[in-house]
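Asks: Just to be clear, the model below is a prediction. Sequence and coordinates:
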Amino acid sequence: MKLFDVYPLFDVEIVRGEGCHTYDSEGNEYLDLYGGHAVISVGHSHPHYVQALKHQAENLVFYSNSVINGLQQRLADLLGKACGYDDYQLFLINSGAEANENALKLASFYNGRRRVIAFNKAFHGRTSLAVEATNNPKIVAPINDNGHVTFLPLNDLDAVRRELAAGDVCAVIVEGIQGVGGVQIPTDDFLKGLREECDRHNTVLILDEIQSGYGRSGRFFAHQHSGIRPDMITMAKGIANGYPFAGVLISPKFKPVYGQLGTTFGGNHLGCAAAIAVLEIFESEHLVQNAAEVGEYLIAELKKLPQIKEVRGRGLMIGLEFEQPVKELRLRLLKEQHVFTGASGTNVLRLLPPLVLTKAQADEFVARLKKVL
């Protein structure tokens with residue numbers, strides 16, 4: 001059987017990892033500045049994380065929401081303390097796409113509306129909300145049965161006001177920092193304005209922190225740089241350091257009802273054990289602070305390189321925009337310098353390293369980047 005060939009794969013077989021490094025089947029070491037689409041938060045094969053998974057797997061308990069699971073409440077307690085939303089409610093699921101699906105569903109239940117506002121080049125994991133990020137006219141996204149999506153320019157608050165005035169908008173969904181869209185950052189004033197306008201029209205504000213959350217921006221969630229509190233926050237990626245796991249943080253204004261939402265694998269014991277271990281490592285190793293400090297340092301060093309048109313980002317979520325396509329540059333970094341990076345669109349190199357990245361490793365990346373530039 002062949003794999004369904006919808007995205008390119010590098011001809012590198014990674015067999016193990018440690019910290020910010022990975023190793024291929026031939027024994028070559030790579031500096032990982034991408035972390036598997038931002039899922040590696042506490043580093044590859046962190047001993048505490050590995051032990052937590054091993055311990056839970058040996059207990060052979062894999063139920064999710066079908067039995068009482070004390071790990072879920074422990075995770076909720078740790079997460080509330082870590083992120084500052086201990087008065088919110090937690091719903092656990094499997095992936096970022098599912099997190100956004102459930103958030104939009106709950107928003108529609110809340111106000112009875114069906115239209116959604118998203119922003120140009122957004123990516124929220126759902127087919128109808130992903131088409132703007134593909135930049136591929138051959139891909140036509142069907143509109144799902146829940147309504148339709150209106151795309152607006154990011155940071156254009158006047159455009160949002162005009163759409164909300166129609167009175168039919170269920171939710172506004174926005175990324176804390178656009179990832180697939182090229183590491184574009186909504187301004188603090190824009191997010192504050194969204195909060196005010198959504199309150200005015202009884203519209204639900206959803207912050208998609210699937211990629212930009214969990215410490216990556218130097219705050220636990222990227223929107224916390226602006227000082228707002230959304231109605232719901234979706235999260236996945238680094239929540240369990242690569243184990244498939246996700247969640248929605250839900251404001252107290254939403255009242256749960258049996259049968260309202262459901263999940264098969266969400267909140268399973270193994271995923272909870274992984275997510276708890278991540279938060280314990282965050283606290284003991286101060287990884288949110290490390291992301292802020294090392295990210296600020298790395299961004300400053302990258303801005304010294306004249307070949308880069310623009311450096312964007314916060315913490316360890318960084319985009320490097322070039323005048324030319326980055327496909328060859330990214331391939332040379334991998335083949336010649338043994339560095340994994342990502343891309344956004346055609347001209348943006350994307351960096352999403354594990355949050356354990358050190359300044360010495362940041363320097364090493366800059367040195368290797370200079371060689372290919």
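Replies: Noted; the coordinates are in hand. Since the structure is predicted, the reported quantities are computational estimates derived from the model, not experimental observations.
Asks: Can you report how many residues neighbour the residue lying closest to K121 once chain neighbours are set aside?
Replies: In this structure, K121 finds its nearest non-sequential neighbour in G181, 3.3 Å apart by C-beta to C-beta, 6 or more residues apart in numbering. For the C-beta atoms, the positions are set from N, CA and C on the backbone; glycine is no exception. Using other C-beta atoms under 10 Å, G181 is surrounded by 21 other residues.
Asks: Note down every partner strand of the strand or helix carrying V172 and its orientation.
Replies: Assessed by DSSP states H and E, V172 sits inside strand 169-175. Counting by DSSP bridges, the strands paired with strand 169-175 are strand 115-119 (parallel), strand 204-208 (parallel).
Asks: Need the nearest residue in space to K303, chain neighbours excluded.
Replies: V311 (5.0 Å).
Asks: which other residues reach the one helix or strand that neighbour maps to?
Replies: Using DSSP H and E, V311 maps to strand 310-314. Contacts to strand 310-314, defined as C-beta atoms under 8 Å, 6 or more residues apart in numbering, come from residues 177, 182-185, 217-218, 222, 225, 295, 299, 302-303, 318-321, 351.
Asks: Which among the strands paired with strand 169-175 is found nearest to V42?
Replies: Closest approach to V42 among those (C-beta to C-beta): strand 204-208, 21.9 Å.
Asks: Report the rounded mean pLDDT for that closest one.
Replies: Averaged over strand 204-208, pLDDT sits at 98.
Asks: cool, stretch 275-283 as well?
Replies: pLDDT averaged over stretch 275-283 gives 98.
Asks: Tell me which residues of that stretch come out buried.
Replies: A275, I276, A277, V278, L279, E280, I281, F282 (16 or more other C-beta atoms under 10 Å).
Asks: ok, so of the residues you listed, who is nearest G80?
Replies: Once C-beta to C-beta is applied, the member of the buried residues of stretch 275-283 that ends up nearest G80 is L279, at 10.3 Å.
Asks: ok, the residue lying closest to that closest one once chain neighbours are set aside to G259 distance?
Replies: Distance criterion C-beta to C-beta, 6+ apart; nearest residue to L279, sequence neighbours excluded, is L78 at 4.4 Å. Distance, L78 to G259, by C-beta to C-beta, to the nearest Å: 28 Å.
Asks: between these two, which one's more packed in?
Replies: Using other C-beta under 10 Å, the more surrounded residue of L78 and G259 is L78, with 18 against 6.
Asks: pLDDT below threshold where in the stretch 1-150 of the chain?
Replies: 60-68, 126-147 (pLDDT under 70).
Asks: now the helices for it?
Replies: 35-38, 47-58, 70-83, 96-111, 127-134 (DSSP state H, counting those that start in this stretch).
Asks: Also the stretch 151-300 of the chain?
Replies: Secondary structure of the stretch 151-300 of the chain (DSSP H, counting those that start in this stretch): helices at 157-164, 188-200, 269-285, 287-302.
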